[in-house]
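Colleague: okay, sequence plus prediction incoming.
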Amino acid sequence: MGHLGAFLFLLGALGALAEICDISEVDSQLVEKLGQRLLPWMDQLSLEHLNPSIYVGLRLSSLQAGTKEDLYLYSLKLHYQQCLLGSASSDDNRDCQVTPSMGQLALYLLALRANCESVKGRKGDRLVSQLKRFLEDEKNTIGHSHHGHPHTSYYQYGLGILALCVHQKRVHDHVVGKLLYAVEHDHLHDHLHRNHLSVDMAAMAGLAFTCLERFNFNPDQRHRIAMAIGTVRDKILNAQTLEGHFGNVYSTPLALQLLMVSPIPGEEMGTACLKARAALSASLQDGAIQNALTISQLLPVLNRKTYMDLISPDCLAPRVMLGQATEILSQAQVPAVIRVTLKVLSLLPPYERSIFVFAGSSLEDVLKMAQELGGFTYETQATLSGPYLTSVMGKVVGEREFWQLLREPNTPLLQGIADYRPKDGETIELRLVSW
Ligand code: B12
């Protein structure tokens, strides 16, 4: 076999391997239902609620939202550019209570790519410079000896590198070096279980490295990058649960994105991906995937796409128009009332009270009710994953602290306050922890 023959054979083999982690054969009605869950979010066009990840997810999916999508991108551009580029004193900045974070800027750049746009011109250059500056600052925070922690997280660090890379913008070896070091020295921890790998962080780092490898942007680090991709892939495979999720159900979409772009020969991966597909289908059937951000990371996978497709996206690919969800009206029934015990033991005096709410209420409804009853207060901040609990009883979290949500006995919740629906008789603790 000549060189060309060998090359074609290799391409074919790689293609066949990529098929191994193909999750696309999920029931199309379930996929459409997932897409429909994004529609109400697309009507919220204030900066606080705009979510570039939703736009990216939809564009890489098999579904489309027609003109809603165009309006959404327009709003993203308006708000993100104003808040990132407008000078602090200008009128433009009136509506910007908070400046988008490094990760949000990165997702915005991914959204532009999802619409086949490149960053160009003075504005584009400024956005790129800003993201590079964010990364540079985080690199300095981690420090020479790698003992510091990024202000944001290695997740956002990876996202930043990935966004620049898909726009074919290089980052310095020393910036990439910090993420390599973190992978090489097991610094991508899970906040729920100490010393456990965070599958989301590992997958994001792996996707960033895969992009750098494709362009050979950091040739001096080529070997370390290839090794790091192998490391995160193996760790993600090792993090598969008995049911088949990688980490948990919510980290599985990103994990699959990584596995789809870095296949390995052998049966191990095929079996792991088949198990993951079964687990995901089961989770979809029982409605475990409600969060818009998670859906936005899953829809591409169900359409055989990953963030790597943003390098050269197919913006003309046919996509099915999403219809409005048809609600099944159930017979009017008086909903049952349930009792949830709410506890805060991290502060003095401790707080504990039984709260009565309707069955099916969210944890956020429980907190609201507790606040109305008096003796309990809380505050939240809007994020791309939904409302994030920032303060309880006036105690605002400090640097590297958070209010952890737990169900007795000592089980961290896998969902936030808006998505989690406590059952009758459950005890929920809000615990101030550092991470
Ligand atoms: C880093 C991280 C954290 C850090 C955030 C602080 C920091 N400085 O970055 C810490 C350790 C504090 C954290 C806490 C929690 N997290 Co967390 N976190 C992440 C991670 C890995 C990256 C988030 C990120 O940077 N996104 C990118 C930026 C651009 O988006 P952003 O919206 O601006 O980011 C902010 C929010 O994501 C927010 N945040 C972080 N976690 C969560 C969770 C929820 C439910 C909400 C509403 C917001 C939120 O913090 C980010 C920084 O400000 C994601 C993984 C993922 N796939 O998203 C998990 C993830 C979002 N977290 C998750 C969970 C479950 C939690 C907790 C609820 C755990 C618990 N039992 O207490 C708590 C939040 C409790 C609360 N107070 O409301 C789940 C959510 C799953 C779901 N169903 O939606 C994820 C997907 C991980 C997973 N696979 O299980 N988290």
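Modeller: Now that the structure is in, tell me what you want to look at.
Colleague: please make it C-alpha for all contacts and neighbour counts, starting now.
Modeller: Noted.
Colleague: okay, now the unreliable bits of the stretch 201-350 of the chain?
Modeller: 327-332 (pLDDT under 70).
Colleague: what parts of this protein come near the ligand?
Modeller: Residues of the chain found near the ligand (Cα under 6 Å from any ligand atom) are 103-104, 152-153, 155-156, 191, 200-201, 248, 250-251, 291, 383-390, 402-406, 412-416, 435.
Colleague: go ahead and measure how far the biggest helix by length in the chain is from the middle of the chain.
Modeller: In the chain, taking DSSP state H as the definition, the longest helix is helix 121-142. Its chain's C-alpha centre and that of helix 121-142 lie 21 Å apart, by Cα atoms, centre = their mean, to the nearest Å.
Colleague: now that helix: average pLDDT?
Modeller: Helix 121-142 shows a mean pLDDT of 95.
Colleague: what are the contacting residues of it?
Modeller: Contact with helix 121-142 is made by 84-85, 102, 105-106, 119, 148-152, 157, 160-161, 164, 171, 175, 178, as judged by Cα atoms under 8 Å, 6 or more residues apart in numbering.
Colleague: buried set for that helix?
Modeller: Buried residues in helix 121-142, counted by 16 or more other Cα atoms under 10 Å: 126-128, 130-132, 134-136, 138-140, 142.
Colleague: and if you look at stretch 285-295?
Modeller: 289, 291, 292, 293, 294, 295.
Colleague: next: stretch 339-359.
Modeller: 339-344, 346, 351-352, 354-357.
Colleague: same check on stretch 23-40?
Modeller: Quick answer for stretch 23-40 (16+ other Cα under 10 Å): 23, 24, 31, 32, 33, 34, 35, 36, 37, 38, 39.
Colleague: can you put those residues in a markdown table and add pLDDT and secondary structure?
Modeller: Below are the buried residues of stretch 23-40 laid out as a markdown table (pLDDT from 0 to 100; DSSP: H, G, I helix; E, B strand; the rest coil):
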| residue | pLDDT | secondary structure |
| --- | --- | --- |
| 23 | 76 | coil |
| 24 | 71 | coil |
| 31 | 92 | helix |
| 32 | 93 | helix |
| 33 | 92 | helix |
| 34 | 94 | helix |
| 35 | 95 | helix |
| 36 | 95 | helix |
| 37 | 94 | helix |
| 38 | 95 | helix |
| 39 | 95 | helix |
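Colleague: returning to that earlier point: buried ones only from the contacts of helix 121-142, please, as a PyMOL command.
Modeller: The PyMOL command for the buried members of these (criterion: 16+ other Cα under 10 Å) is given here:
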select buried, resi 84+85+102+105+106+119+149+150+157+160+161+164+171+175+178
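Colleague: tell me which of the contacts of helix 121-142 fall in helices.
Modeller: Taking DSSP H as the definition of helices, those contribute 84, 85, 102, 105, 106, 157, 160, 161, 164, 175, 178.
Colleague: and the two most separated of those residues?
Modeller: Spatial extent of the ones in helices among the contacts of helix 121-142 (Cα to Cα) is set by the pair 85 and 178 at 27.6 Å.
Colleague: what's the closest residue to the ligand within the stretch 1-150 of the chain in contact with, if anything?
Modeller: Going by Cα to the nearest ligand atom, the ligand is nearest to residue 103 of the stretch 1-150 of the chain, at 3.5 Å. Listed by Cα under 8 Å, 6+ apart, the contact partners of residue 103 are 156, 157, 159, 160.
Colleague: burial measure for the residue lying closest to residue 172 once chain neighbours are set aside, as a count.
Modeller: Excluding its sequence neighbours, the residue lying closest to residue 172 (Cα to Cα, 6 or more residues apart in numbering) is residue 218, at 7.7 Å. Counted by other Cα atoms under 10 Å, the residues lying close to residue 218 total 18.
Colleague: ok, the one 10 residues further on next?
Modeller: By other Cα under 10 Å, 23 other residues sit near residue 228.
Colleague: which SSE is it in?
Modeller: helix 222-238 (DSSP states H and E).
Colleague: so for that helix, what gets flagged as buried?
Modeller: Judged by neighbour count using 16+ other Cα under 10 Å, the buried positions of helix 222-238 are 224, 225, 227, 228, 229, 230, 231, 232, 233, 235, 236, 237.
Colleague: could these go into TSV alongside distance to residue 115?
Modeller: TSV is the format used below for the buried residues of helix 222-238 (distance: Cα to Cα, whole Å):
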residue	distance to residue 115
224	32
225	28
227	32
228	30
229	27
230	31
231	32
232	29
233	29
235	33
236	30
237	32
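Colleague: closest to the ligand out of those?
Modeller: For these, the closest approach to the ligand (Cα to the nearest ligand atom) belongs to residue 236, at 12.3 Å.
Colleague: which stretches of this protein form strands?
Modeller: Applying DSSP state E to the chain gives strands spanning 63-64, 320-321, 337-344, 351-358, 378-383, 386-392, 395-396, 401-407, 411-412, 427-434.
Colleague: who's in contact with the fourth one?
Modeller: Just to be clear, that refers to strand 351-358. Residues outside strand 351-358 that contact it (Cα under 8 Å, 6+ apart): 335-345, 365-366, 369-370, 376.
Colleague: can you report how many residues lie near residue 369?
Modeller: 15.
Colleague: distance of it relative to the ligand?
Modeller: In this structure, residue 369 and the ligand are 17 Å apart, going by Cα to the nearest ligand atom, to the nearest Å.
Colleague: list only buried entries from the residues of the chain next to the ligand.
Modeller: Among the residues of the chain next to the ligand, those classed as buried by 16+ other Cα under 10 Å are 103-104, 155-156, 191, 200-201, 248, 250-251, 291, 384-390, 402-406, 412, 415-416.
Colleague: is residue 204 in contact with residue 159, as I believe?
Modeller: Yes: the pair residue 204 / residue 159 is scored as a contact, 6.4 Å apart, by Cα atoms under 8 Å.
Colleague: which of the buried residues of stretch 285-295 lies closest to the ligand?
Modeller: For the buried residues of stretch 285-295, the closest approach to the ligand (Cα to the nearest ligand atom) belongs to residue 291, at 5.3 Å.
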